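K.L.:
Have a look; sequence and predicted model below, questions after that.
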Amino acid sequence: MTEKFSARLRQGTATIHDDVEHTDFMVDLMEGRLDAEAYATLLTQYEVIYAALEERARAFADDPVFAAFHDPRLERHARIVADLAALNSSGVTVESGPGSAVDSGVVPSARDYALRLSAIATPEAMIAHHYTRYLGDLSGGQAIGTLMARHYGIGAEALTMWDFSELGKTKPYKDDYRSRLDEIAATGGDEQAVLDEAIAAFEVNGALLGELTRERAA
């Protein structure tokens with residue numbers, strides 16, 4: 001029996017996925033060794049990344065290969081903007097983000113990541129980045145909100161990025177998402193192109209977290 005593409009995609013990205021998850025910045029953040037400002041720094045990078053991701057996703061919304069994946073309920077950018085505002089109002093130092101007159105809070109690797117997203121030219125690349133960000137948010141990412149509240153006292157009003165209640169139960173949604181991955185070839189998509197770009201997506205995310213690690217240590 002031929003292995004389903006969703007399983008091959010998960011296996012093909014498993015090593016780099018694990019490496020990214022265990023970047024020092026993320027490990028320290030999740031284990032409570034940093035502070036709310038460090039979380040705000042991460043969120044500032046995500047603002048520019050998700051803005052680019054969601055703009056391209058909307059551009060591909062009617063593409064026959066990508067259309068099944070497009071779901072406005074997944075969009076996080078507006079929530080990130082609101083969360084940063086809530087953090088700022090609560091007294092957490094938030095560096096200037098991309099929506100400000102000065103965007104000094106955005107590190108070069110996040111700009112590079114956003115530029116890569118803005119340049120997406122194929123539905124396969126769009127699926128790859130959509131998968132790596134949103135399925136990650138719906139899986140291990142769900143722990144982030146809980147741990148940020150526990151370790152750093154961040155209120156729920158500043159953690160709405162991790163609220164996917166509009167989708168209902170996440171497991172059935174993720175299962176359905178994976179079934180859509182298994183149909184890529186049937187819609188004329190190139191599975192290998194998705195896998196290759198998914199690895200690249202983890203690489204640029206790893207570069208971002210590596211830069212945040214170095215900045216924190218400086």
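P.N.:
Nice, thanks for sending it over. Residues are numbered from 1 along each chain as shown.
K.L.:
what about the helices in this protein?
P.N.:
With DSSP state H as the criterion, the chain has helices at 5-12, 14-21, 24-30, 36-59, 77-89, 108-118, 123-130, 136-138, 142-152, 170-181, 191-217.
K.L.:
End to end on stretch 90-105, go ahead and measure it.
P.N.:
End-to-end distance for stretch 90-105: 18 Å, by CA to CA, to the nearest Å.
K.L.:
can you list the helices of the chain in a markdown table and add distance to M161, mean neighbour count and mean pLDDT?
P.N.:
C-betas here are computed from N, CA, C, even on glycine. Shown next, in a markdown table, are the helices of the chain (distance: least, CB to CB, whole Å; neighbours: other CB atoms under 10 Å; pLDDT from 0 to 100):
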| stretch | distance to M161 | mean neighbour count | mean pLDDT |
| --- | --- | --- | --- |
| helix 5-12 | 23 | 17 | 98 |
| helix 14-21 | 18 | 15 | 96 |
| helix 24-30 | 14 | 18 | 96 |
| helix 36-59 | 7 | 21 | 97 |
| helix 77-89 | 5 | 18 | 95 |
| helix 108-118 | 16 | 18 | 97 |
| helix 123-130 | 16 | 24 | 98 |
| helix 136-138 | 8 | 18 | 95 |
| helix 142-152 | 7 | 16 | 94 |
| helix 170-181 | 14 | 15 | 97 |
| helix 191-217 | 16 | 18 | 96 |
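K.L.:
With distance to D71 as extra columns, can I get those helices in a markdown table?
P.N.:
Rendered in a markdown table, the data for the helices of the chain read as follows (distance: least, CB to CB, whole Å):
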| stretch | distance to D71 |
| --- | --- |
| helix 5-12 | 17 |
| helix 14-21 | 22 |
| helix 24-30 | 26 |
| helix 36-59 | 9 |
| helix 77-89 | 14 |
| helix 108-118 | 17 |
| helix 123-130 | 9 |
| helix 136-138 | 11 |
| helix 142-152 | 17 |
| helix 170-181 | 9 |
| helix 191-217 | 17 |
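K.L.:
Please identify the nearest residue in space to the most centrally placed residue in the chain, excluding sequence neighbours.
P.N.:
Centroid-nearest residue in the chain: R133, 3.2 Å away (criterion: CA atoms, centre = their mean). With sequence-adjacent residues excluded and distances taken as CB to CB, 6 or more residues apart in numbering, R133 is closest to L53, at 6.1 Å.
K.L.:
you'd agree A125 is up against E197?
P.N.:
Yes: in this structure, A125 is within contact of E197 by CB atoms under 8 Å, at 4.5 Å.
K.L.:
before we move on, the earlier item: what about the residue nearest to the centre of the chain, distance to A218?
P.N.:
Taking CB to CB, to the nearest Å as the measure, R133 falls 27 Å from A218.
K.L.:
again with E47
P.N.:
Taking CB to CB, one finds E47 at 22 Å from A218.
K.L.:
next one: I80
P.N.:
In terms of CB to CB, I80 sits 25 Å off from A218.
K.L.:
re the thing from before, I figured the residue nearest to R133 was touching L117, is that so?
P.N.:
Yes: counting by CB under 8 Å, L53 touches L117, with 5.0 Å between them.
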